[in-house]
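I'd like to go over a predicted model; first the sequence, then the structure.
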2 protein chains.
Amino acid sequence: MNLRRLFRPECIAVIGASRTEGKLGYEAMANAVAFDGPVYPVNPSAEGSVLGEPSEASVTDIDERVDLALLAVPAPVVPEVLAECGEANVGGAIIYSGGFAEAGEDGKALQTEVTEVADKYGIALLGPNTSGFVAPAQNLFTSFAGGVESIEPGGVTILAQSGGVAHQLAFSAHREGRGISTMVGLGNRANVGFEETVRYFDDDPQTDAIVLHVEGTDTGRALVETCCDADTPVAAYKVGKADVGDFAESHTGALTGDHDLYTAGFAQYGVSTVDSTTELLDAGVALADAPSPDGPNVGVVTAQAGPGIAITDRLKAADAEFPTLTDETQEAVEEILPGMTYSANPVDTGRPMPEFGDVVAAVARDENVDVVMVYELYERALGYPTEGLEGLVDEVDKPIVFATGGPDAVLADELAGLESLDIPTFRTPERGADAVAALVQDALRNADPDAAEAEEVSR
Amino acid sequence: MNLRRLFRPECIAVIGASRTEGKLGYEAMANAVAFDGPVYPVNPSAEGSVLGEPSEASVTDIDERVDLALLAVPAPVVPEVLAECGEANVGGAIIYSGGFAEAGEDGKALQTEVTEVADKYGIALLGPNTSGFVAPAQNLFTSFAGGVESIEPGGVTILAQSGGVAHQLAFSAHREGRGISTMVGLGNRANVGFEETVRYFDDDPQTDAIVLHVEGTDTGRALVETCCDADTPVAAYKVGKADVGDFAESHTGALTGDHDLYTAGFAQYGVSTVDSTTELLDAGVALADAPSPDGPNVGVVTAQAGPGIAITDRLKAADAEFPTLTDETQEAVEEILPGMTYSANPVDTGRPMPEFGDVVAAVARDENVDVVMVYELYERALGYPTEGLEGLVDEVDKPIVFATGGPDAVLADELAGLESLDIPTFRTPERGADAVAALVQDALRNADPDAAEAEEVSR
C-alpha cells in the first residue's frame, strides 16, 4: 500500500461538500481550501460553487488527476462513491462517517465491502470513522474540526487510533508553542493502520519522532516489531489499563487487549511508553529535538532541592540509573562552587548562580552520564545559562533536558533560547522527568541487541 | 502558636535589606514594598534608604509595632537578630538562610537555639531555609523570587515543604490563569509546620482548598489527623516513592519515610493524594471550585469517544465507580438523541451537538450519579453548552468537571463562561479525570464515618 498520494497529494476532492455551516461537508471543505494545490468540491445536488470553488457532480467529472478524496457522505453510499474514486484513479481517500466495524454486524459487513473496493483500486483508505489528518507544513488540513489551521509545523508525527485524541494532542501541542509534522486519526483502519503509517512516516524527512495513541489492534506483535524496526524514535500511549473493552469496541471496532502485554512489548524494544496525552507529547518533543542517549545513566543538576527531589524520585521509579560522577567531574564541580549544597548526583547548587551553566557542562561531559536533566526556577537577576550552554549538545552528543518554573511573561523568550540549542524545555519538574524517562527507554533501542536479548533470557 | 501576625501582618520589617540587585536582601525588599502597609528596611550598614524607604539600624529602632520580620541575614547571626525581634515584640519571622537542621550537627544545634529564642518570645517562625510566602489578595510577597507579584488571588492555599516547589506551583497556577489564596514554603519547620498551617488556613475565609507538598515529617500521623479534622478539603503530593532519603534529608532535614504509609493514611481520611505538581494544582482547583460530592459514582458524558475512553480508563484505575444510569435518565437521553453512539455510562454523543448540554443535565440529575465528568473537543459551529448549564451545579449540588481541547485562541473565553458557573475546566482528558479522582477521594471525607470504619475492618 503506497501512502504517498494520501499524505502528500497534489490535488484534492471533497465529496459531499456542503454550503451549510456546521455540516461535516462544509467544515471539511472550509479546512481543505487552505491547501496550496487545487481543491474540488463534489456534490451532485450542489449547483454552482462551494466556498468559491466550482462544484462538480462526480469525482469522475474532474479533468485533473485527483490524489486524495475526502468523503463527507453517509455510510451507505460510501461503497458506490469509493468505486467512482477508483474509476477516477484516486490514490487515497478519507472516510469520516461512522456506522462501520464499530457498529455491529451490518457495519462490519459494510466495512468489508468498502475495504474490498479500496483494495481493488489500490486506494489507501484512512478510516472509516476518522476525523482525517493535518500536515501544517503543506497547509493540508483534511479534518472537519474548527481551528486546525492554527496548528504549526514541527517534527513530531502523531498517529492516533482516535481522531478525537489526535486533535486533542495537536491542539495541546499548539497551546504549548510546539508544532507537529503530521497528525493522523486512524479510526477503523480499513487498509491503513498502525504498521503502514509507522513505516511511511519513518521514511518521512519531516518526521523526527513518532507518537502513537493505541486503544487496541489485532496485530499487536506486528505493531511492536514495526516500531522496533523504525529508525525514527517512537513513543506509545496505550489506553486500557482498566476494563474499558466494550466502550472501546463501540468506538473503532477494536478490543483493547492486554495492557501489560502491550507495554512490555513496547518497552522490550525501546519504544517509550507513557500514561497520558501530555506525557506522549512531551516524549515526542524530547525524542524529536534531543540526540538519542547511549544508555540509561542520568545526571541531575538542580538549582532548587525540592523540585530536584521530585525529579529524582520520578526518574528512579522509572528505572533510570543515577551513576556516581567521576572524580574529575566532582573536582570540577567543587572548584566551581566550593561547599555546594549537594554535590553527589543529583548536584544541587542551592540557588541559581552565574556559574550554573558551568556546573551543567561539567556533568554533561562526565563519561558516566548519558542524559542530563536540569531544573532551575527562574530568578530575575540571573536568567538562564543559555550563553554558557551554546554548542554543548553537539559537543557531548547527549540529550540535555531543562525543566523550570517562573513568571510566564519572561519564560517564553528565555526558554526559546535554550530550545534553539536543541535543549528541550518543560514547565514542571515532573514533565521534564517524564521526558527524560522516555529518552532513557529509547536508549534501549540503540543498545546492543545481543545484550538486550541476553538480559531478557536471564530474567 | 498564633499565626495571624505572620500571615496577616499590618507592618513589615526587612532585616538585612540591601541596595545590591541580585542579593537576597534586595530581592526580598523589592517584593515586600508592594505591600499596602509600611515596610521598613533594616540594616546596620545601610545608611539612608533602600528602594526609597528610610533604613533603620535595628528592628528595635522602629517606632511602630512590627508584625512580621523578614530575615535576610546569614545563619550565624540569626539567633541574635531574632532576639532583637522578640524584644521589639515582633509576632512572626521568616528565615531565608540555610545552614540549619539540613546541614549536619552544627546546623541542628543552631536551629534548636533559634527555635528556643522564637518560642521564648512567642514568635511564629517560618523556616529556616525557606523562600517565604505569597498572599496576592494582601499584596503581600515575602519571597525573594522574581516575578511573584504577577501571581493573582484565588481560592487554593499551597503549603509546600520546599520553597522551590511552592514557587513552581504558584507560577504554574498563574500560567494556567488560576489564582492562589496563599503560597507557603515551609522549609525546616522550626515551630510552624504542616499541622499549624493546615489548622490556620482551615479557618481562613479566603481558602477554599488546601494543597500540600510533603517530603517527610516526623509527625506523619498528626498531619493526617489534622487534615482529617479540617473542614476545608485537602489534597496531598507526597514525594519519595523511590529512595531519595539522603538527598531529601540534605534539603530540609527530614527523611521521606514510607511513601505507602503516608498515602494510605491520607486516603483513609479522604485526603486526595496525587503524583505531581500539575495534579496537585488541578485537585486544588476542583476541590475549591466545585461542591463536595456525596459519593464515588461518576457519570461520564463525552462528545468524542477516544478521549472519553482515556478518561474512563483513568477513573476506573483510580477506583471511581461507574453506576448504571436510571431508566428515567436513559429514556431522557434516548429521547434527546435517538440511537446515540453509546448511551450507557459513559454516554457518548459521537460529536458535539446543540443538545449536548441537555445530555449533561440529564446525567447530572441522575440519582445514581455523584460527580459528572464531561469531555467535548471544541467545534467552531457549536461552542460549548454554557447557557444550557446555567444554574445546574446549584440545582444538583454535585461537581461537574469539564475537560476539552481545541484552538487556544478561542478556548480562554469559552471556558471562562463555564468556570463562572462553578464548573472547573481542564485542557486534557487525563487532567480532567485526575481532578475528578481527587473529588472522588474527597467524597470519603464526607461519608458516614461508621460506614468507612466498617469497610476498613472488613478488609
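Arrived safely, thanks for sending.

which residues touch whatever helix or strand residue A:13 lives in?
Secondary-structure assignment from DSSP states H and E places residue A:13 in strand A:12-15. Among residues not part of strand A:12-15, those counted as contacts by C-beta atoms under 8 Å, 6 or more residues apart in numbering or on different chains are A:25, A:28-29, A:32, A:35, A:37-43, A:50, A:56, A:59, A:62, A:66-73, A:81, A:85, A:90, A:142. Every C-beta, even on glycine, is put in place using the N, C-alpha and C of the backbone.

got the residues of the stretch 251-400 of chain A near chain B?
Neighbours of chain B within the stretch 251-400 of chain A, by C-beta under 8 Å from any C-beta of the partner chain: A:251-252, A:275-278, A:304-310, A:312-314, A:316-317, A:341-342, A:344, A:346, A:348, A:350, A:377-382.

inside strands: which ones of these?
Secondary structure defined by DSSP state E assigns residue A:348 of those to strands.

what segments of the stretch 251-400 of chain A are helices?
If DSSP state H, counting those that start in this stretch is used as the criterion, the helices of the stretch 251-400 of chain A fall at A:259-268, A:277-289, A:305-317, A:327-336, A:356-364, A:392-396.

quick one: these as CSV, columns for mean pLDDT too.
Shown next, in CSV, are the helices of the stretch 251-400 of chain A (pLDDT from 0 to 100):
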stretch, mean pLDDT
helix A:259-268, 84
helix A:277-289, 98
helix A:305-317, 95
helix A:327-336, 91
helix A:356-364, 96
helix A:392-396, 97
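
TSV for those, including mean neighbour count?
Compiled in TSV, those are given as follows (neighbours: other C-beta atoms under 10 Å in any protein chain shown):
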stretch	mean neighbour count
helix A:259-268	17
helix A:277-289	27
helix A:305-317	27
helix A:327-336	16
helix A:356-364	23
helix A:392-396	16
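
and residue B:111, which of these is closest to it?
helix A:305-317 (16.6 Å; C-beta to C-beta).

give me the angle between the closest one and helix B:259-268.
110 degrees (axes from the mean of the first three to the mean of the last three C-alpha atoms, to 10 degrees).

other SSEs contacting helix A:305-317?
Packed against helix A:305-317, as judged by 3 or more C-beta pairs under 8 Å, 6 or more residues apart in numbering or on different chains; DSSP states H and E, are the following elements: strand A:298-302, strand A:371-375, helix A:429-446, helix B:163-175, helix B:245-252.

so it versus strand A:371-375, what angle?
For helix A:305-317 and strand A:371-375, the angle between their directions (the same axes, to 10 degrees) works out to 150 degrees.

circling back: can you tell me which of the contacts of strand A:12-15 are buried?
With neighbours counted using 16 or more other C-beta atoms under 10 Å in any protein chain shown, those contain these buried positions: A:25, A:28-29, A:32, A:35, A:39-43, A:50, A:56, A:59, A:62, A:66-73, A:81, A:85, A:90, A:142.

now intersect those residues with the strands, please.
Secondary structure assignment (DSSP E) places A:39-42, A:50, A:68-71 from these within strands.

what's the residue in the stretch 301-450 of chain A positioned nearest to chain B in contact with, if anything?
Of all residues in the stretch 301-450 of chain A, residue A:306 sits closest to chain B, at 2.2 Å by C-beta to the nearest C-beta. For residue A:306, the contacting residues are B:160-166, B:168, B:213, B:215, B:251, by C-beta under 8 Å, 6+ apart.

so who does the nearest residue to residue A:366 once chain neighbours are set aside touch?
Sequence neighbours aside, residue A:329 is the residue nearest to residue A:366 in space, at 4.3 Å (criterion: C-beta to C-beta, 6 or more residues apart in numbering or on different chains). With contacts defined as C-beta under 8 Å, 6+ apart, residue A:329 is in contact with A:362-363, A:365-366.
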